[in-house]
Structure formats: structure tokens, C-alpha cells
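Peer 1: Just a sequence and a predicted model for now, questions to come.
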Amino acid sequence: MKYLLMLLLIFAAVFSKAQDRIWLDNGNPVQAKLSRAMDSKLEWIAADGIPRIYHRKRFLIVFSSSGQFMVISELNENNNKAQTQIEAFYKAPPRNVSQDIIVKSVPLTVISGKISYESDDVINYLTGEGNPASINKEEVAMVIYRDGRHEILRDVVDVAPLLALAHKDIEKKEKEIVKKAEDKPQKPVAVKEQPQVPKEKPKPFLSDTEYKEYSAKGIRRVDEFTSYLRIIGDKSMKSDEKNKAVQQALSLFEPQATVAVSSPKGVKKYPVKEYLNRLKLLPYSKINITWNEVKYVSELKQENDGNYYGIIAAQQVFEGFAANGKVAYGDITKKNIRVKLESYQKTIDGKDTVNWEVLLGNIGVETSEDK
């Protein structure tokens, strides 16, 4: 047991550092380098120093220890040209970038910034302008860290073609980061003055009373959303009233929030506005949507950006009625909603006070059962 534990610790220490890796079609990375292009095959050498030869189709992505990558689909079919590409790849100078690269999958977007915090669900980072930002890990395909490490958050078979499409954008973004750092004017340091260490601005925090109040407000936000759903789905309501309910519902959410919808074909995510507009157009004479057992499954917790985040779960009952008044379709779906408590300053009688705004984030699907 002690021997196994020691091996696991060694494994974790090795893979916490940037290194040359090859991602294969079985979804596993190996610590290795490409060495030779051979017709429809490639030779590679692993950490044990033994050359191996696999068909090209077995290889997906190659990473260098500095964080540069090559998608095998970009490798030339001609052996000589492919060999030149391989050699140039490993001889390339270090990236020397000061920011991390986040590749968002849908829509395919390359984001640069300094990651300040990561959890199983979220990545918080500072943009190039120094503004705090956050992205849900469900939206991220992969991360290339500024120290050369990388993390693939989806099936590598799906990530490889995305990287091929985003390769030029990533290179362009990294060149912009380097150029911006080089162009940034250096402030002269006075010899006699001791440099002052900037004080970190204290994060606002909730008192016990405020915490209970805003936790309850998060539940009320979900209740407000469900009341708007009933208006939007009510066929007897006028179009103006429905449109007003859509706008009021949108004001409850973060701008980038999505809603996951389950069907026999699987789960699909829609921006909140598109989801609400689609709800208006469903081909039923009457729609009834109720949310039951609304409760926190992950309590509000302050994260590195100073905001509080939590998860509320609920059971959604959907019923679509035919013209004869009978249920034409119904399902029961377990939903989870990300809640964000964001601070802002408000000036009252010349005095700055901290206030908090409760916003809903992505709505996900846990399980679905047809009635």
C-alpha cells in the first residue's frame, strides 16, 4: 500500500510540470516525442527511450514542454515535408507568454488572461485589461497555461479538430500578448525611494444575517423565473405580455447563461433568450411548467474573484396539452441552476456602500424521465 501511494505521488509530481506529450486516439497522453515520419506511420520515442512506430491515425495532438502544440491532421502527407515540420516544431523557441490561453468550445473562441482561481466547475481569470472574468468549465475545451502546462477538459478526439481550427487564432493571440508586454513602457525606479508593495483591496463579504438573506433571495430568483415561464407558455396571454415576461426573465440571468434541454436525441444547450422564445412557439394549446423541491445542493461560497457562487437544484414538471385538453407530452427533469452573488458599490449621501446583486447562471440537466 505504501509503495502504491509513493508511485501515485511520483506520478502527480511528474505530470504537474510541463513536458513533451503525445495524445493518442485512445484518449491517453504519453510522455514522448515524435522522431520520424514514415509513409502513413510515425515513429515516436517515449520516456523509456524505446522507438515505437504507429499508424498516423493513432496520433491526435503533440505538445512540447513549452506549451506549443501540433495537431497531427496539420502534418503534411509528404514524408520529407512532415519531417521538416516535426524538427521545426521541437526547435521552436519558448513561447514566453505572460497569460494563459482558454479555448471555449461553443462558439469556438480563444480567450487570454491570467487564471486566478480554478474549481471543478469554474475558471476565474483577469483579462488583459485587468478586469475580473469567469467561465464555466462546461464551456471549455482546453487550457494552455503560461508555464507550458496544458489541460484537456473534453474528449481529446473532439478537442483535436477544434484545436486545428483555432491554431492560427491561438498563435495570433500569443503574439499579441508578447508584443503588448514588449511595448509596455517601463517606469523608472527612483534609487532613493523604497518600492511600495501595493495593498490588495479587501474583498467584500457577507455577514451571517446577509448570507441568510441573500441565500433566500437566490431561491426567490428561481421562483421569479418559473412565474415568467408560466406567462410565456400561456397561450391565452397576449404577445406583448409574453415579450415583456421574456425581458423580465432575461434580467435575472448573467448575459452568457444557457439552458440545457433534454430530449430523446440527447441534451442541447440554448442561450436563455433563445430558450424562452422557443418556449413561446411550442405547438401545444396549453403549457404548464412547475418547479418543485427547489433547494441548494451547493451553498453560496466566496471564490477568488470576491463573488459568491452556489448551485440550486429543482425538479421541473413540463406538460404540453392538446386541443382536447389531454396531456400530449410531459416529462419530469432534474435541473441545477448556478447562482452568482456579485458585489457592487453604491453611493448614498456621499458614502460608498457595498451592495449585492443575485444573478442566475447556466441551467443544467441532471436526469430526465418521460411520463
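Peer 2: Yes, it's here.
Peer 1: residue contacts, the residue most central in space within the chain?
Peer 2: By Cα atoms, centre = their mean, the chain has its centre lying nearest to K137, at 3.0 Å. By Cβ atoms under 8 Å, 6 or more residues apart in numbering, K137 lies in contact with D120, D121, V122, I123, L153. Every residue, glycine included, has its C-beta placed from N, CA and C.
Peer 1: same thing with S119?
Peer 2: E303.
Peer 1: From the contact counts, what lies against the strand ranked longest in the chain?
Peer 2: Ranked by residue count under DSSP state E, the longest strand found in the chain is strand 327-348. Identification of packing neighbours for strand 327-348 by 3 or more Cβ pairs under 8 Å, 6 or more residues apart in numbering; DSSP states H and E yields helix 208-233, strand 286-302, strand 308-321, strand 351-370.
Peer 1: Closest to N28 out of the contacts of K137?
Peer 2: Distance to N28 across the contacts of K137 (Cβ to Cβ) is lowest for L153, with 15.5 Å.
Peer 1: Please verify my assumption that the closest one contacts A141.
Peer 2: Yes - if you go by Cβ atoms under 8 Å, L153 and A141 touch, sitting 6.3 Å apart.
Peer 1: Between the two, point out the one with more neighbours.
Peer 2: Each of L153 and A141 has its neighbours counted (other Cβ atoms under 10 Å); A141 has more, 22 against 17.
Peer 1: can you give me the strands in the stretch 51-200 of the chain?
Peer 2: Counting by DSSP state E, counting those that start in this stretch, one finds strands in the stretch 51-200 of the chain at the ranges 51-55, 59-63, 69-71, 100-104, 109-118, 122-126, 132-136, 140-144, 150-152.
Peer 1: what does the third one contact?
Peer 2: To tie it back to what came earlier, the one meant is strand 69-71. Against strand 69-71 from outside (Cβ under 8 Å, 6+ apart): 60-63, 85-86, 89, 144, 150, 160-161, 163-164, 167.
Peer 1: now the last one
Peer 2: Residues outside strand 150-152 that contact it (Cβ under 8 Å, 6+ apart): A18, R21, W23, F63, G67, F69, A141, M142, V143, I144, Y145, V159.
Peer 1: do the second one as well
Peer 2: By Cβ under 8 Å, 6+ apart, the residues outside strand 59-63 that reach it are 20-25, 33-34, 42, 44, 69-72, 89, 150, 156-157, 159-160, 163.
Peer 1: Give me the PyMOL select line for those, limited to the buried ones.
Peer 2: The buried residues among those can be selected in PyMOL (16 or more other Cβ atoms under 10 Å) with this line:
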select buried, resi 20+21+22+23+24+33+34+42+44+69+70+71+72+89+150+156+159+160+163
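Peer 1: where are the low-confidence patches of the stretch 251-371 of the chain?
Peer 2: 367-371 (pLDDT under 70).
Peer 1: Show me what the helix or strand where W23 lies is packed up against.
Peer 2: According to DSSP states H and E, W23 maps onto strand 21-24. Strand 21-24 sits against strand 29-38, strand 59-63, with contacts defined as 3+ Cβ pairs under 8 Å, 6+ apart.
Peer 1: Pipe those strands into CSV and attach mean pLDDT and distance to D234 per row.
Peer 2: CSV is the format used below for the helices and strands packed on strand 21-24 (pLDDT from 0 to 100; distance: least, Cβ to Cβ, whole Å):
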stretch, mean pLDDT, distance to D234
strand 29-38, 91, 52
strand 59-63, 93, 50
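Peer 1: which of those is buried the deepest?
Peer 2: Per residue and on average, the most neighbours among the helices and strands packed on strand 21-24 fall to strand 59-63, with a mean of 22 (mean count of other Cβ atoms under 10 Å).
Peer 1: Name every strand pairing with it and say which way it goes.
Peer 2: strand 21-24 (antiparallel), strand 69-71 (antiparallel) (DSSP bridges).
Peer 1: one step back: got a list of contacts for the strand holding W23?
Peer 2: With Cβ under 8 Å, 6+ apart as the test, strand 21-24 has contacts from 29-34, 44, 54, 58-63, 150, 152, 156, 160.
Peer 1: No further queries at this time; thank you.
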